[in-house]
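Enquirer: Could you work out the structure for the sequence below:
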Amino acid sequence: MKDLPLRRGQLVTTFGPGSLVVSPEGETAIIGALDKWYYDKHGNRLNSLHEYEVQEPRLKSLLKVNKLFLPPDFRSGSQYRGEGNAIQQTNTDVYIPLLRFPTWHYCPKCKTLYQLPLSSRTSWYHCRECNKLTKMIQVPFVIVCEHGHISDFPWREWVHKNENTLCEGTLKLVSTGGTTLDSLKVECSCGKDRSLKGIMIKNKGDKQNNKSALSVMLNEEDEKEYTCPGTKPWYGSLEEKDECSAYPVAVLKNSINVYFPVKVSAIHIPGDRSAEIEYLINLFEKRGITSSLLETHETMNGKIEFIKKLCPPEISDYTDSDIERAIIYIQQGDISQEQENNQSEWIEHQLREKEFETLSEEVDHSENLKVLKEWQCNEIDETDIRTFFSKVNRVTKLKETIVLTGFNRLQTNIEHLNIFEIREGRKLLFKDPDAPENNWLPAYKVYGEGIFFTLNTERLKIWEEQPSVREYYKKYLERYRNSNHFIDSSIYNPRFVLLHTLSHILINELSLTCGYNTASIRERLYLHETQSGVLIYTSSGDSDGTFGGLVRMGLTKNFFSVVYRALEKAKWCSSDPVCTEIGMSLGQGLNRLNGAACHSCAYLPETSCELQNLSLDRSLLIDQEIGFFNTI
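Expert: Purely as a prediction, here's the structure:
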């Protein structure tokens, strides 16, 4: 494939290994496996990766990996030629591997199908029918399965209605006129042809076994079910295949369900470390001192002397004991805190338990996290909107680390991850996940600001015990169970949907008030067991973070007026009465997992919502009978 510009953040959050990307010329490629990410154009692996390393020991410990690395940035080696020793640039001409996929193309003139190799850098190919060099067009379809495989559509097998066909005739993809799949058909020079009608149907009269139309219809002559070929082209080969019993589905190559990244993120927290240790850790990060760099020295004294040479003179103000503790943190994590070793426990819960405790208190000795106490409830007043909240804190600075742990196809599968699922995800990202040099995951750092608030726990418990609320929420849980969707233990409490919906309407109102667009503001929910908090924040890849507009709205004089306006707007949706009536009676949205919530009132862009715009219901906020804020 030709060179294709991609941002480093995209390689973690959108276009990781196994995903399809489209070039400006309209050509589609698949991102290669992580095994080949840090190689230059000559095929040589980089000797030193310390400048790409991300320091977040808490994440490394929970994910059971040795390193977290930023995706490589591109530096042209030709730019520094002839400069002598004036400019020393390392890690030049490093490319992310791209492979041509789908490999089947057709001639735009005669419609003859040809299969090009994965490694082809151009779509120009000699058409035998036209007898000239022609720029081929990639076919629009691929087939995917729930186990993460992706394969070329079986054109030859489809037209002959037999997956074991031996015919090697010339294939053509012909349009008979129209905009649907009925108008497309495959023709073979042997005389057979077949329409593509129905190939994208996910369930063919068998929802229990989830058989796709492609599986049922392909072997039409002997009625044998067609199963996934088990191809993993991002490994660099079409010949290496897994045994897979899943029923594949034909999808458009640019369809959103081709690739769903599975990510884990963590807010940097200082823990119980002293201000001196926290300063040294931040200093090491600024100076590029990573665990990979420290591994070049065997003894602790050697590491300390090495650090003193790289750091500014003020390093002498700190004792060797302080420097040693900072080194231990970078290499092993915070040994002063008890590490969670329960492999079956969900990673997100382990991460957010400590985050919730930290964000609830004031933090002022860390450069990567600063939390200021703004408001705390001291007296209950039924008519005062402020007393529905327990506390409001302004997070003037934060650092978030996002790690790619795997991916899904066809379904998002938003279940919380445990260490076993992390291991399965690594098997998709790496061709050889057990190799010692592959014990790492790609990560990306963002900096920002936000508002953290918690609801009054006593008022929440009283509200959740109301018979009308319990009866209404019981119907919601039945829809959740009937959808065969994953059920987190926290979903059993109505506060789960309440807080999530409140977060959405506040983000919509904040975007109108503080100037940030909605897609740049995100939510982070703390809903597990005794937690009832939300962090609304914005972030960017720049270490300078953002401009303070969101934090300013966290001031007492601004925040509660924003809450009041958001609740007032939530009382009426432009799609009402349909939105409210259908939402409260039958449910709406994907698998009817939403109540009174739709694109006109409560939905957010996919970059902002943690739960794919599910588990939303305005009724739990403002309904006169069951609404938490109905006395306002």
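Enquirer: pLDDT wise, what is I487 at?
Expert: pLDDT recorded at I487 is 62.
Enquirer: before we move on, what about E83?
Expert: Checking the pLDDT column for E83, the value is 55.
Enquirer: ditto for C377
Expert: If you check C377, the pLDDT there is 88.
Enquirer: Check D272 too.
Expert: 68.
Enquirer: For T14, give me the backbone phi and psi.
Expert: phi -130, psi -50 (degrees, to the nearest 10).
Enquirer: same deal with the one 3 residues further on?
Expert: The main-chain torsion angles of P17 are listed as degrees, to the nearest 10 and equal phi -60, psi 130.
Enquirer: Likewise for W158?
Expert: phi -70, psi -50.
Enquirer: how near is it to N91?
Expert: Relative to N91, W158 is positioned 45 Å away (CB to CB, to the nearest Å). Glycine gets a C-beta too; all of them are placed from N, C-alpha and C.
Enquirer: Equivalent analysis for G533, please.
Expert: Note on G533: its distance to N91, by CB to CB, is 41 Å.
Enquirer: out of these two, which sits in the more crowded spot?
Expert: Set G533 next to N91 and count neighbours by other CB atoms under 10 Å: G533 wins out with 21 against 18.
Enquirer: Next, the contact list for that one, please.
Expert: If you count contacts by CB atoms under 8 Å, 6 or more residues apart in numbering, G533 has them with 356, 359-360, 452-455, 499, 525-526.
Enquirer: For those residues, give me TSV that also has neighbour count and distance to K461.
Expert: Shown next, in TSV, are these (neighbours: other CB atoms under 10 Å; distance: CB to CB, whole Å):
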residue	neighbour count	distance to K461
F356	20	18
L359	26	22
S360	17	18
F452	25	21
F453	25	18
T454	22	14
L455	21	11
L499	27	14
L525	21	19
Y526	22	17
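Enquirer: Serialize those to a markdown table and add fields for secondary structure and pLDDT.
Expert: What follows is the contacts of G533, written out as a markdown table (DSSP: H, G, I helix; E, B strand; the rest coil; pLDDT from 0 to 100):
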| residue | secondary structure | pLDDT |
| --- | --- | --- |
| F356 | helix | 93 |
| L359 | helix | 94 |
| S360 | coil | 94 |
| F452 | strand | 97 |
| F453 | strand | 97 |
| T454 | strand | 96 |
| L455 | strand | 94 |
| L499 | helix | 96 |
| L525 | strand | 94 |
| Y526 | strand | 93 |
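Enquirer: now, which of those sits nearest L620?
Expert: Nearest to L620, judged by CB to CB, of these is L499 at 9.6 Å.
Enquirer: Would you check that the closest one makes contact with L525?
Expert: Yes: contact criterion CB atoms under 8 Å: L499 and L525 qualify, at 6.5 Å.
Enquirer: Mind listing the shared neighbours of the two?
Expert: 533-534.
Enquirer: hang on, the earlier thing: out of the contacts of G533, the closest to C145 would be?
Expert: L525 (30.9 Å).
Enquirer: returning to that earlier point: with distance to L369 as extra columns, can I get the contacts of G533 in TSV?
Expert: What follows is the contacts of G533, written out as TSV (distance: CB to CB, whole Å):
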residue	distance to L369
F356	13
L359	8
S360	13
F452	11
F453	17
T454	17
L455	23
L499	22
L525	18
Y526	15
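Enquirer: Y95: which of these is nearest?
Expert: After measuring these against Y95 - CB to CB - the closest member comes out as L525, at 37.8 Å.
Enquirer: Distance-wise, check that closest one relative to C609.
Expert: 10 Å.
Enquirer: quick one: the closest residue to G595 other than its chain neighbours and K461, what's the gap?
Expert: In this structure, G595 finds its nearest non-sequential neighbour in D617, 3.0 Å apart by CB to CB, 6 or more residues apart in numbering. D617 sits at a distance of 19 Å from K461 (criterion: CB to CB).
Enquirer: same check, this time on S600
Expert: S600 is 32 Å from K461, by CB to CB.
Enquirer: quick one: low-confidence parts of the chain?
Expert: 1-2, 79-88, 204-209, 272, 333-345, 413-416, 484-489, 541-546 (pLDDT under 70).
Enquirer: Domain map for it?
Expert: 100-254, 272-332, 347-401+445-622 (automatic domain parsing).
Enquirer: what's the closest of the ones you listed to K60?
Expert: domain 272-332 (8.9 Å).
Enquirer: Can you give the distance of the closest one from its chain's centre?
Expert: Put simply, domain 272-332 sits 32 Å off its chain's centre (CA atoms, centre = their mean, to the nearest Å).
Enquirer: where along the stretch 401-550 of the chain do the strands fall?
Expert: 440-455, 521-526, 533-540 (DSSP state E, counting those that start in this stretch).
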